[in-house]
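Undergrad: fold the following and give me the result.
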Amino acid sequence: MYIRRVKGPYSVTLPDGSEMTRADLPSPTTNRWVASRKAAIVRAVEFGLIDHEEACATYGLSAEELDAWSRAVSQHGEGALKATAVQQFRD
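TA: Modelled structure (predicted):
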């Protein structure tokens, strides 16, 4: 069995005590970004599971897009990532 080496930690502990691993991240081929997948990427970057550049490269995101997701979560919570709530949380 081959285990691929990755830089950085394989898992991190979140503030609520749960553990997040790289297996919890969405697939790199994700085309439909629902709020839960966006939130998973934001949490992974915030808690050091993956770095900002790796997230952008893996998921085909721009740095501005990932920053906007992070800003929305920090200001309004994960509900702000829903596409139907954009008007409600827009600056």
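Undergrad: what count of nearby residues applies to E64?
TA: Here the number of neighbours of E64 (other C-beta atoms under 10 Å) works out to 9. All C-beta atoms are positioned from the backbone trio N, CA, C, and that covers glycine.
Undergrad: kindly apply the preceding question to S11 instead.
TA: S11 has 11 neighbouring residues, counting by other C-beta under 10 Å.
Undergrad: quick one: residues contacting it.
TA: Applying C-beta atoms under 8 Å, 6 or more residues apart in numbering to S11 gives the contacts E19, M20, T21, R22, L49.
Undergrad: cool, L66 as well?
TA: By C-beta under 8 Å, 6+ apart, the residues touching L66 are I41, V42, V45, H52, A55, C56.
Undergrad: check these and tell me the two furthest apart.
TA: Largest separation among these by C-beta to C-beta: V42 and C56, giving 12.5 Å.
Undergrad: before we move on, back to that, in helices only, show me the contacts of L66.
TA: Residues from these lying in helices, with DSSP state H as the criterion: I41, V42, V45, H52, A55, C56.
Undergrad: that older thread, out of the contacts of L66, which are buried?
TA: Buried members of the contacts of L66, counted by 16 or more other C-beta atoms under 10 Å: I41, V42, V45, A55, C56.
Undergrad: I'd say the first one and V73 touch.
TA: Spelled out, it's I41. No - in this structure, I41 is not within contact of V73 by C-beta atoms under 8 Å, at 10.2 Å.
Undergrad: what about the helices in this protein?
TA: So, for the chain - with DSSP H - the helices run 35-46, 52-59, 63-76, 86-89.
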